[in-house]
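**Q** All I have is the shape, not the residue letters:
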């Protein structure tokens, strides 16, 4: 037993979901479809924002950041999840630690980006005459960089501490990706300080993000309700409706996943909720903004029309070239 405990783990094994191989194939096909749709839809949003002059505003700049984030966030989990279903459910210790870092780095970035986007809506609705002055290009770029750098820095100290962990004896992770809690649980070194650092860091980010977003929307809603005309209130609500939907999904799933007491009966439910966060939410975000936003829909329709027109012109040129050759 003493010799066994000294054997260092070089690979972790995911237990994932307890399903049959045939059902795993069906889930894998669905995951591939969702992953391709997520990457494609978010890329479309990014291309539309950068190419259509009507979308050159702070709100769409932050939406572009959210779409870029969604591509990388889902790419951190889905490819390895597909591999676990189809081929190999193992991952090296280094790969596991890197996956854990990028998952929480990108997750933290999102929870910093959400209050930034709510601040943009606050300025647009509560200070519309000064909106262009306050939300200038330098401020927007600074807020976006703050979101990404803040997400990186918040995970830097826990990541360095996780790198120093040693793993021995047990190597089974009861999840479909490398969660920080799983790594801490499997470590054969003292993790009391790491537990505290992770808890404080995650709590500080989530609580401050939720608090700032709530304060912004308290001012936004009070300003909207003070508008005398019903049409004016409707237009004001429509400018932040998509963001409210995204915020509700993000905070709702996070609070459900991390705020409730952990017990053995909730492991499978935790996996399902984590799957929603990592796979479904990045897929829904671009559709929420597209379906609820008139300018994005118009830009998308114009882009499709231009593509069809260019294809038609290309076919006409090829046909004319053939006629000349004849």
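**A** The structure has been received and is ready for your questions. Quantities reported herein were computed from a predicted structural model and do not represent experimental measurements. Numbers count the residues shown, from 1 in each chain.
**Q** where are the low-confidence patches of the stretch 201-326 of the chain?
**A** Low-confidence segments of the stretch 201-326 of the chain (pLDDT under 70): 258-268, 291-292, 310-326.
**Q** run the last query once more with 80
**A** Scanning the stretch 201-326 of the chain for pLDDT under 80 picks out 232, 235-239, 241, 254-270, 272, 289-304, 306-326.
**Q** what about the helices in the chain?
**A** With helices called from DSSP state H, the chain shows them at 2-5, 21-51, 58-86, 93-126, 131-134, 137-163, 180-186, 192-225, 230-259, 267-275, 281-292, 294-325.
**Q** Tabulate those in TSV, adding columns for mean neighbour count and distance to residue 13.
**A** Where you see a C-beta, it was placed from the backbone N, CA and C, and this is true even at glycine. As requested, the helices of the chain are exported to TSV (neighbours: other CB atoms under 10 Å; distance: least, CB to CB, whole Å):
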stretch	mean neighbour count	distance to residue 13
helix 2-5	7	17
helix 21-51	16	16
helix 58-86	21	9
helix 93-126	21	10
helix 131-134	13	52
helix 137-163	16	19
helix 180-186	18	11
helix 192-225	16	22
helix 230-259	16	23
helix 267-275	15	15
helix 281-292	19	26
helix 294-325	11	43
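**Q** and those helices as a markdown table, adding distance to residue 169?
**A** Listed next are the helices of the chain as a markdown table, based on distance: least, CB to CB, whole Å:
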| stretch | distance to residue 169 |
| --- | --- |
| helix 2-5 | 5 |
| helix 21-51 | 28 |
| helix 58-86 | 22 |
| helix 93-126 | 14 |
| helix 131-134 | 56 |
| helix 137-163 | 18 |
| helix 180-186 | 9 |
| helix 192-225 | 18 |
| helix 230-259 | 27 |
| helix 267-275 | 21 |
| helix 281-292 | 35 |
| helix 294-325 | 53 |
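**Q** and of these, who's closest to residue 172?
**A** helix 180-186 (8.1 Å; CB to CB).
**Q** need the contact list for the residue nearest to the spatial centre of the chain.
**A** With distances taken as CA atoms, centre = their mean, the residue of the chain nearest its centroid is residue 70 (4.1 Å). Contact analysis of residue 70 by CB atoms under 8 Å, 6 or more residues apart in numbering lists 38, 42, 281, 282, 285, 286.
**Q** For residue 92, see how far away the residue lying closest to it once chain neighbours are set aside is.
**A** Distance criterion CB to CB, 6 or more residues apart in numbering; nearest residue to residue 70, sequence neighbours excluded, is residue 282 at 3.6 Å. Separation of residue 282 from residue 92 (CB to CB, to the nearest Å) stands at 25 Å.
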